[in-house]
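[1] Just the structure for this:
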Amino acid sequence: MNKFISGKKILAFLLALVFAVTALASCAAGGPNDSTQQSGSESSSSSSSLLYNDIAPIKPDASLNAELSKPQVNKPASNKAESIVTKLEDGGIEVMAKANASLAPLTLTTGTTTSYTIKSFYNVSLTGITNFVNTLKTKTGVTFTPTLITNTSGISGKQIVIGSFASLASMSGAPTFKSWTGGAAWASGNTIYICVAEAGLLDSTLKSFANKIQKSGNNYVVAADLKLAYDKCAVSEYIPSFSTSGTDKGLYSAGGGNYQKTYKGVTAAEVTAYCTKLLKSGFSLHQKNMINSNAFYLYVSGDTIVHINHFAKLDQFSIVYGPKTYLPAKSPITGYTKKATPTITQLALGETGTSMVLQLEDGSFVLIDGGLGGSTDTYTKDSTNLMNFLTSNAPNGEKPRLTWIVTHIHTDHRQLMQKLLPNIKDKIVLELVAWNMPDFSTLSAYTPNWKESNPAKNYVESMNLVNTALKNSFPNAPIYTFHTGEKLYLPGCEVEFLATQEDYYLNNFEWINDTSAAFRITMQGKTVMVFGDCTANVNSKIMTAAFGSYIKSDIMQITHHGVGGGTLATFKAVDPDICLWSLNEDKFTSDERATGSTSKNPENVWLRADSGSDGQRARQHYHHSDTTTITIPSMSVKVTTVYTDR
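    Residues are numbered from 1 along each chain as shown. You can find the predicted model right below:
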């Protein structure tokens, strides 16, 4: 570690020296050219996609020296100016043009009155807009009343106009929106425009604009040459434009600092052209996966990842970009010491939940979810059962090494581990946490058909609880945000991710189970299909439609505890020999949803039939009133009664 730090210091010194020499040479030659001297100049580049432009990203001044010392790989020289801007430390605001002192500021309020009106393309009852009105009232003492508009024909004069990039991009003075822009604000004449990439960013963007309002005597004013961009994606690498004849479906705040641009009608040739463009821009291909005619790519450059998925069968193409966190291995892991026979175990639980443990050949473990741990009694017993399993099976008495994969944020899947982490920080080695969670702060913008009593925004607190437990107990554990098509390689094990919430958001989430991930595990040629709580919507619209028979597996974790979420087509495609039901014996034998005795669950009728003309056959079924361990690759099964009082 000390040698590595010393190397970094030497590298920093050399870069600084190079920059200093370059600067002196530039001064001797008469200084930089106009394109690098004008700090707020707009890029003249254009693209068929509004939000993807061939420009270098905006940088704070502090990183300018390091940036200019980098090789400019296929970056237009005229765009270097975009790196030289003023960064204000108030929530990601980038100043796109310097203040012009000769222009008189715009007066929003005079005393207790205003001549400005607010016009909005968005529903004026949205939280972001009502919060904005309240903020203006608190700050200026004046009440603004927003009104809904549907076109730009009436926009002129003293108005604050709120809309999307699409609705306001053609207005006078609009900046060139970038792929990572969450929102923007600018003034043109007396008119102020505020726009966002998606409705979920209204609150943060409007707050950032409100921060720019200043008091001048008894009035409140804003700069007449206001031009701001709200940057929500903390990446610093060049992201090339994507050109397509297809349809732009908008920008999605995908969670974990990632943003997703989605299109319909994209051709395979356009995908190939964009992959080539990424390589020419300095990105390297880290993983590629082809499933039927669907293509998935993971590119990386510096601190930035770009993930591409092309669901050809769904006519859906997405570019996900964001900060590089953990990168999975490029290929299967070899060279490890074999310490254990691989197994997959469904742990006994005292209440509804999912808790599965893989033991890998190197003796390490993979925990999938973990269970609920709701009451004090069940938490104590289920957490003890989990820790006893890990410690008793860890080879040579070593401290258990654990990878934790979380399918989604529901309490019956993550809460037990969330509560347990502070108590085991000295008892296990948490090697990796893997998930794909949405941005819960903006999720309500994609839930017009929400059926859950718990609002989507309430899951912000759930995510905070998990992150706090991890930060306080395992601050150095890497967190891997996986994407569909990627493969997580572990010793003797491959985890292939086949569905995430990123694939589904265009359909609008109906409840939190629509955000569940699905993946398939392969160990020594045997496969385990894990659905978490994937809904029938996810299974029918993504899994079956895109992958079909590719998801055939030896073992299947029945989605959503076997009480709804599966489809007949999906279960037929998996066609498992062994079925793991994450529910207790009573529900397995008597709950009509699990038994399939209602017309709503024909997939369970098919799955549990020992024979039939439609592919039915005898299968092995196990519930979680007992602990069930399956040895790989023999597929021998051991059932252990853990709780005699249940």
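
[2] can you give me the strands in the stretch 51-200 of the chain?
    Listed in chain order, the strands of the stretch 51-200 of the chain (DSSP state E, counting those that start in this stretch) span 87-88, 93-95, 106-110, 117-120, 146-148, 159-164, 181-188, 191-196.

[3] To residue 283, which of those strands lies closest?
    Judged by CB to CB, the one of the strands of the stretch 51-200 of the chain that comes nearest to residue 283 is strand 181-188, at 20.4 Å. (Glycine included, C-beta is placed from N, CA and C.)

[4] angle of the closest one against strand 191-196?
    Here the directions of strand 181-188 and strand 191-196 differ by 170 degrees (axes from the mean of the first three to the mean of the last three CA atoms, to 10 degrees).

[5] what about dumping the CA coordinates of strand 181-188 to CSV?
    This file holds the C-alpha atoms of strand 181-188, laid out as CSV (Å, rounded to 0.1, in the frame of the first residue of the first chain):
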residue,chain,number,x,y,z
THR,A,181,-27.6,17.0,-17.4
GLY,A,182,-30.4,16.5,-14.9
GLY,A,183,-31.8,20.0,-15.2
ALA,A,184,-31.0,23.5,-16.5
ALA,A,185,-32.1,27.1,-16.0
TRP,A,186,-31.5,30.2,-18.1
ALA,A,187,-32.8,33.7,-18.8
SER,A,188,-33.6,35.1,-22.2
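
[6] The strands of the stretch 51-200 of the chain: which one's closest to residue 580?
    Per CB to CB, nearest to residue 580 of the strands of the stretch 51-200 of the chain: strand 181-188, 41.3 Å.

[7] in its sheet, what does the closest one sit against?
    If you go by DSSP bridges, strand 181-188 pairs up with strand 191-196 (antiparallel), strand 227-231 (antiparallel).

[8] CSV for those strands, including mean pLDDT, mean neighbour count and distance to residue 633?
    CSV is the format used below for the strands paired with strand 181-188 (pLDDT from 0 to 100; neighbours: other CB atoms under 10 Å; distance: least, CB to CB, whole Å):
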stretch, mean pLDDT, mean neighbour count, distance to residue 633
strand 191-196, 93, 25, 52
strand 227-231, 71, 23, 50
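
[9] if we can go back for a sec, mind putting the strands of the stretch 51-200 of the chain in CSV, distance to residue 483 included?
    Converted to CSV, those look like this (distance: least, CB to CB, whole Å):
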stretch, distance to residue 483
strand 87-88, 29
strand 93-95, 27
strand 106-110, 43
strand 117-120, 34
strand 146-148, 37
strand 159-164, 25
strand 181-188, 20
strand 191-196, 24
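
[10] between those, which one is nearest to residue 350?
    With respect to residue 350, and counting by CB to CB, the nearest of these is strand 181-188 at 43.7 Å.

[11] Quick check on residue 536: phi, psi?
    Here the main-chain torsion angles of residue 536 (degrees, to the nearest 10) amount to phi -60, psi -30.

[12] isn't residue 566 right next to residue 606, touching?
    No. Using CB atoms under 8 Å, residue 566 is not in contact with residue 606; the gap is 9.6 Å.

[13] Which of these two has more residues huddled nearby?
    A direct count of neighbours by other CB atoms under 10 Å for residue 566 and residue 606 places residue 566 higher, at 27 against 17.

[14] Can you classify that one as helix, strand or coil?
    Reduced to three states with DSSP: H, G, I helix; E, B strand; the rest coil, the structure at residue 566 is coil.

[15] The closest residue to it other than its chain neighbours: how many residues sit nearby?
    Nearest non-adjacent residue to residue 566, counting by CB to CB, 6 or more residues apart in numbering: residue 603, 4.2 Å away. A count of nearby residues for residue 603, using other CB under 10 Å, gives 23.

[16] From residue 541, how far off is residue 603?
    Using CB to CB, to the nearest Å, residue 603 is found at 16 Å from residue 541.

[17] Same check on residue 183?
    In this view, residue 183 and residue 541 are 30 Å apart by CB to CB.

[18] One more: residue 108?
    Residue 108 is 46 Å from residue 541, where distance means CB to CB.

[19] Run through the chain and note the low-pLDDT ranges.
    Applying pLDDT under 70 to the chain flags the ranges 1-102, 176-181, 230-238, 598, 645-646.

[20] And it, what are its domain boundaries?
    Here the domain parsing of the chain from automatic domain parsing is 106-231, 247-323, 343-640.

[21] would JSON lines of those domains with distance to residue 334 be doable?
    Listed next are those as JSON lines, based on distance: least, CB to CB, whole Å:
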{"stretch": "domain 106-231", "distance to residue 334": "38"}
{"stretch": "domain 247-323", "distance to residue 334": "17"}
{"stretch": "domain 343-640", "distance to residue 334": "9"}
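
[22] quick one: which of these is nearest residue 331?
    Nearest to residue 331 among those is domain 343-640; the distance by CB to CB comes to 6.7 Å.

[23] related to what we said a few turns ago, out of the strands of the stretch 51-200 of the chain, flag the one nearest residue 269.
    Smallest distance to residue 269 across the strands of the stretch 51-200 of the chain (CB to CB): 28.0 Å, for strand 181-188.

[24] correct me, but residue 264 touches residue 244?
    No. Checked against CB under 8 Å, the pair residue 264 and residue 244 is beyond contact range at 9.6 Å.

[25] circling back to that earlier point, between residue 183 and residue 541, point out the one with more neighbours.
    residue 183 (30 against 19).

[26] who's that one bridged to?
    Residues in beta-bridge contact with residue 183 (DSSP bridges): residue 196, residue 230.

[27] Check residue 252 too.
    Taking DSSP bridges as the rule, residue 252 bridges to residue 260.

[28] Neighbours of it, how many?
    25.

[29] ok, now how distant is it from residue 508?
    In this view, residue 252 and residue 508 are 12 Å apart by CB to CB.

[30] just to revisit the earlier point, out of the domains of the chain, nearest to residue 240?
    domain 247-323 (4.6 Å).

[31] tell me how far the ends of that closest one are from each other?
    26 Å (CA to CA, to the nearest Å).

[32] so how far is the one helix or strand residue 579 maps to from its chain's centroid?
    Element membership of residue 579, judged by DSSP states H and E, is strand 578-580. Here the centre of strand 578-580 is set off from its chain's centre by 30 Å, with CA atoms, centre = their mean, to the nearest Å.
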